[in-house]
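Colleague: how does the following fold in three dimensions:
(chains A, B and C)
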Amino acid sequence: MNKLRLFFLSRRSWTLPYLIFSIIFVIIPLVLIVIYAFTDDTGRITLDNFRKFLAHPEAVNTFVYSIGIALLTTIGCIVLGYPAAWILSRSRSSYSRTLIMLFILPMWINILIRTLATVALFDFASLPLGEGALIFGMIYNFIPFMIYPIYNTLQKMDPSYVEAAQDLGANSFQVFWKVVFPLSMPGVVSGIMMVFMPTISTFAIAELLTMNNIKLFGTTIQENINNSLWNYGAALSLIMLFLIAATSLFSADDKNESEKGGQVW
Amino acid sequence: MKQKMKRWSWWAMLCVCSLLTSCYNVGESRENVLKVYNWADYIGEGVLEDFQQYYKEQTGEDIRIVYQTFDINEIMLTKIEKGHEDFDVVCPSEYIIERMLHKGLLLPIDTVFAHSPNYMKGVAPYIRQQIDKLTVPGDQPASRYAVCYMWGTAGLLYNKKYVSAQDLRSWGCLWDKRYAGKILMKDSYRDAYGMALLYAHREDLKDSTRSVTSLMNDYSPASMDSVEKYLKLLKPNVAGWEADFGKEMMTKGKAWMNMTWSGDAQWAIEEASAVGVDLGYTIPEEGSNVWYDGWVIPKYAQNPKAASYFINFLCRPDIALRNMEENGYVSSIAAPEIMEACIDSTLDKEVDASYFFGPEARHVKLRNTQYPDKSVIARCAMIRDFGDKTVDVLEIWSRVKGDNLNSGLVILILLVFVGLSAWQIRRRWLHYKRSHYKRSRRKLRRK
Amino acid sequence: MQTYLWVLLLMLYAPILIIVIYSFTEAKVLGNWTGFSFNLYRSLCNTGAHHSLMNALVNTIAIAFIAATVSTLLGSVAAIGIYNLKARSRKAMGFINTIPILNGDIITGISLFLLFVSLGITQGFTTVVLAHITFCTPYVVLSVLPRLKQMNPNLYEAALDLGATPMQALWKVIIPEIRPGMISGFLLALTISIDDFAVTVFTIGNQGLETLSTYIYADARKGGLTPELRPLSAVIFVVILVLLIIINRRADKAKNK
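Modeller: You can find the predicted model right below:
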């Protein structure tokens, strides 16, 4: 066994602090959500929280509607973000780095102020607030999270694949559809993960952009927690967790997904 | 050397961090802390600091104020009722005060102060009477538990350019198709319930078979049904349910009518005149509701003494005036200097505010957003707590605001899910086939 | 092709442009123009006047810096550890690491809220910082790991052969290699901590602590946005923009050398 191995073996234990931290602040809290979801105020085990969800058409409605909005947002982000990532990956590196910085920069202005400014923008352009404004606002808020993972994978892609495909007589559409797009899939998948879930759980933004006409699932959860209905709120969160698990199933096959595409910056 | 510097700076940073963290956990006696729970933007800038000074002068003790804001009454109530949180002084609306009284959640307010007069006496007798209506039978009057802070009415804020005075005489203008898409409603189920019921019974009100007070507190199934019917008819006209943006939309002329509270209306009228939009406020002839926000000391308070001093301080006329200027709402204190400050000689109409300021205020130029005429107040009533009917009213409200799910979205969701599943199954199948193929090849080779 | 990027950027910056423009007028409502004036900036600088707003700003910055520093340390150490794990446990750690990212703010917020409530911890500054560390660290790990992978493992061995102790080798070889990753992780953590609202709102408790986002939220719900927030946002924006330009310039220069 050489020295390198020896050293790196000892370095393994460096994971411990983070592991312990994660267990306390990530794993246990999630377990708590499950516990709260299946109990009532007095701590008895019950399924009432889920029954309540199904018995209230508004809640189910909000849930399904939120999924729909999240899908539209995700699709919008891919459609708008993919070309941007593609162009960025083709540019000189210092130039693209500057542009990437420019894409993060808006995050330094508080999200609610940005949203209120979006409302003002719509007013300014005499556009009606509502679903359209909501989707615009959502795409606006989440598009950076789509661009970076895709940009990362595209940048690492070996350009000789494209050349090879071209040499073999593929037209540019075929090159894109058969070579580039499949190779950038890990980036797209992690982009989807980073846009889809947060969109469903967004709160406060939807109300501002639709004059309180539309409520997303995040608001429903928040209202319940605020009203001290912790168990019901936990049950709603658990329903969302199931959805997260379901979406991540679709990406589970991609090996190294978290390593390749997950790095956002 | 450079590396050492780096390390050193890391440590320094860590130390600063831990110092900062520990600052927030310094133990101090609870008697020197006052926990205030108030609506956002509901107190004059600097008033809290002045209270600290005042408290020091009065009692010789230092006080640190923990100031927390809420935006929904019910959240405040659950925090205190279920969470037993130790706020010393909170500012709920009248129906929540009533509920808290019934649940025995309040402590009486001290009115005797060593060195300071009792400013709470300055509350207008009219307001005190209204608050006393909340009294639980067999208990002390409600005004012993609650001191009204701000009060106001619900009415219509309108753009004078687009809406005629004739239409505004009745709540019916909200149902008028000509104004469709230009109407904003306050996102408040209680105000909407009262308004819809008054409009539904407009004929009964005219021939005095029903009174505003009785209608405002009528939760019979028939009334609930008619409220739901009327509100559902109203919905297509409504552009949005506003929590706060109504005044902004109104000042920009994007909406023409807004059912809102008088304080918001006052704010909007002032702001609109700065950009040359002429807004007005009116209370239709059917009547409306009048509301009160009051300071109370919850049962779980740990510093009721400072809380009483705080309430008393806020009742001091100069402080009351400062708070009024902050938010456009109207203080419950009836002091001559407040009337003086509110008189606006540019107004062309006088109001009779004698119910509030006493007989000398029969003909004064006050704004109707702040002090409505006596005749208007006569057709306004307080909406009491719905009690156990709250759940039913809330269900009506959520049915009215309704679902926004359209079939296009459902189809989209289904398509995406079917697509994804199909893709997944196909992938699994290919994967299986490939591994199967490999396995059989391996077997072959072994043979 | 480049025009597309710029159009997209224009779309992203349009709302911010509106804030900057309207910070030069006094109107209380965003979108109304009542003539050009510096009054909002003046009243912002007038420290006494907006005590609670400034307080919230200081809290936000303090929380962001503490959380970003701690999560950078924790995340870098963890990344070195994870890099040296065997494939299976590395995968497991990678999965645990992505949980907070995938969960989204609200679930992270609620789960931590339930944790603090169940443990009976009074929520306040410390809990907000802990919560922010929780959702910042994964991003640090993800930005440090690739650096470790790019590193030439022989470098470390060479250092040992030349007589360096493992600790020295760590400081002189590994840390400089992963420093860019740590810096970008730190900046990222800072950014998302400052932008966060959902997690903060669930863990902030009732001790009167306010951050910029909770202040703005309460403000927007009642009484409209405090006009001074417009110049404040404009100032923050310009400062960050200038900082980023400087950093970029320096990075470019370093590269050219």
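Colleague: for the residue of the stretch 1-150 of chain A found nearest chain B, which non-adjacent residue is spatially closest?
Modeller: Taking Cβ to the nearest Cβ, chain B has its nearest neighbour within the stretch 1-150 of chain A at residue A:68, 3.5 Å off. All C-beta atoms are positioned from the backbone trio N, CA, C, and that covers glycine. Excluding its sequence neighbours, the residue lying closest to residue A:68 (Cβ to Cβ, 6 or more residues apart in numbering or on different chains) is residue B:409, at 3.5 Å.
Colleague: now residue B:291, what's its secondary structure?
Modeller: At residue B:291, secondary structure determined by DSSP: H, G, I helix; E, B strand; the rest coil is strand.
Colleague: next one: it from chain A, what distance?
Modeller: Distance check for residue B:291 against chain A: by Cβ to the nearest Cβ, to the nearest Å, it reads 20 Å.
Colleague: for residue C:156, same thing?
Modeller: Residue C:156 sits 7 Å away from chain A, going by Cβ to the nearest Cβ.
Colleague: residue C:60 now?
Modeller: Taken as Cβ to the nearest Cβ, the span from residue C:60 to chain A is 9 Å.
Colleague: roughly how far apart are the residue nearest to residue A:68 and residue A:205?
Modeller: 18 Å (Cβ to Cβ, to the nearest Å).
Colleague: neighbour count winner among the two?
Modeller: More crowded of residue B:409 and residue A:205, by other Cβ atoms under 10 Å in any protein chain shown: residue A:205, with 24 against 18.
Colleague: name the SS class of the nearest residue to that one once chain neighbours are set aside, please.
Modeller: Spatial nearest neighbour of residue A:205, excluding adjacent residues (Cβ to Cβ, 6+ apart): residue A:115 at 5.1 Å. Using three-state DSSP, the structure places residue A:115 in helix.
Colleague: show me the contacts for residue A:115.
Modeller: A:137, A:141, A:204, A:205, A:208, A:209, C:15 (Cβ atoms under 8 Å, 6 or more residues apart in numbering or on different chains).
Colleague: could I get the pLDDT score of it?
Modeller: Among the per-residue scores, residue A:115 holds a pLDDT of 86.
Colleague: for the residue in the stretch 251-400 of chain B that chain C sits nearest to, give its distance to residue B:44.
Modeller: Chain C sits closest to residue B:275 of the stretch 251-400 of chain B, with a gap of 4.6 Å, by Cβ to the nearest Cβ. To residue B:44, residue B:275 is 25 Å away according to Cβ to Cβ.
Colleague: and residue B:140, by the same measure?
Modeller: In terms of Cβ to Cβ, residue B:140 sits 31 Å off from residue B:44.
Colleague: so if I had to pick from these two, which one is more boxed in?
Modeller: residue B:44 (17 against 11).
Colleague: contact partners for that one?
Modeller: Neighbours of residue B:44 in contact, by Cβ under 8 Å, 6+ apart: B:319, B:322, B:323, B:325, B:326.
Colleague: buried ones only from those residues, please, as a ChimeraX command.
Modeller: For the buried members of those, the matching ChimeraX selection, counting by 16 or more other Cβ atoms under 10 Å in any protein chain shown, is:
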select /B:319,322,323,326
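Colleague: any idea which of the contacts of residue B:44 is closest to chain A?
Modeller: After measuring these against chain A - Cβ to the nearest Cβ - the closest member comes out as residue B:326, at 20.9 Å.
Colleague: output the contacts of residue A:115 in CSV; the columns should cover secondary structure, pLDDT and distance to residue B:131.
Modeller: Converted to CSV, those look like this (DSSP: H, G, I helix; E, B strand; the rest coil; pLDDT from 0 to 100; distance: Cβ to Cβ, whole Å):
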residue, secondary structure, pLDDT, distance to residue B:131
A:137, helix, 90, 43
A:141, helix, 86, 45
A:204, coil, 77, 34
A:205, helix, 83, 39
A:208, helix, 82, 35
A:209, helix, 86, 39
C:15, helix, 89, 45
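Colleague: would you point out the most distant pair within the residues you listed?
Modeller: A:204 and C:15 (15.6 Å; Cβ to Cβ).
Colleague: strands of the stretch 201-350 of chain B, start to end?
Modeller: Remark: strands assigned in the stretch 201-350 of chain B by DSSP state E, counting those that start in this stretch are B:238-242, B:257-261, B:279-282, B:288-298, B:330-331.
Colleague: would you list these in JSON lines and tack on distance to residue B:346, mean pLDDT and mean neighbour count?
Modeller: Converted to JSON lines, the strands of the stretch 201-350 of chain B look like this (distance: least, Cβ to Cβ, whole Å; pLDDT from 0 to 100; neighbours: other Cβ atoms under 10 Å in any protein chain shown):
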{"stretch": "strand B:238-242", "distance to residue B:346": "29", "mean pLDDT": "88", "mean neighbour count": "23"}
{"stretch": "strand B:257-261", "distance to residue B:346": "23", "mean pLDDT": "93", "mean neighbour count": "26"}
{"stretch": "strand B:279-282", "distance to residue B:346": "14", "mean pLDDT": "93", "mean neighbour count": "21"}
{"stretch": "strand B:288-298", "distance to residue B:346": "26", "mean pLDDT": "93", "mean neighbour count": "25"}
{"stretch": "strand B:330-331", "distance to residue B:346": "19", "mean pLDDT": "92", "mean neighbour count": "26"}
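Colleague: and these as a markdown table, adding distance to residue B:79?
Modeller: Formatted as a markdown table, these follow (distance: least, Cβ to Cβ, whole Å):
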| stretch | distance to residue B:79 |
| --- | --- |
| strand B:238-242 | 24 |
| strand B:257-261 | 23 |
| strand B:279-282 | 33 |
| strand B:288-298 | 10 |
| strand B:330-331 | 26 |
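Colleague: with distance to chain C added, can I get the ones you listed in TSV?
Modeller: TSV is the format used below for these (distance: least, Cβ to the nearest Cβ, whole Å):
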stretch	distance to chain C
strand B:238-242	11
strand B:257-261	11
strand B:279-282	12
strand B:288-298	12
strand B:330-331	15
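Colleague: ok, now how distant is residue C:45 from chain B?
Modeller: 15 Å.
Colleague: how many other residues sit next to that residue?
Modeller: 13.
Colleague: now do the one 10 residues further on
Modeller: Around residue C:55 sit 16 other residues, with neighbours defined as other Cβ under 10 Å.
Colleague: isn't it up against residue C:210?
Modeller: Yes - using Cβ atoms under 8 Å, residue C:55 makes contact with residue C:210 at a distance of 6.7 Å.
Colleague: pLDDT on the host helix or strand of residue C:249, on average?
Modeller: With secondary structure defined by DSSP states H and E, residue C:249 is part of helix C:229-256. The pLDDT scores in helix C:229-256 average 83.
Colleague: pull out the buried residues from that helix.
Modeller: C:229, C:230, C:231, C:232, C:233, C:234, C:236, C:237, C:240, C:244.
Colleague: show me what contacts the last one?
Modeller: By that I understand residue C:244. Per Cβ under 8 Å, 6+ apart, neighbours of residue C:244: A:101, A:105.
Colleague: need the nearest residue in space to residue B:146, chain neighbours excluded.
Modeller: The nearest residue in space to residue B:146 (Cβ to Cβ, 6+ apart) is residue B:294, at 4.0 Å.
Colleague: for chain A, what's its nearest residue on chain B.
Modeller: residue B:240 (2.5 Å).
Colleague: contacts only, for that residue.
Modeller: Residue B:240 sits in contact with A:129, A:210, A:211, A:212, A:213, B:184, B:185, B:246, B:249, B:255, where contact means Cβ under 8 Å, 6+ apart.
Colleague: tell me the pLDDT of the first one.
Modeller: Spelled out, it's residue A:129. At residue A:129, pLDDT is 82.
Colleague: hmm, it is touching residue A:210, no?
Modeller: Yes - contact between residue A:129 and residue A:210 holds when scored by Cβ under 8 Å: they sit 5.9 Å apart.
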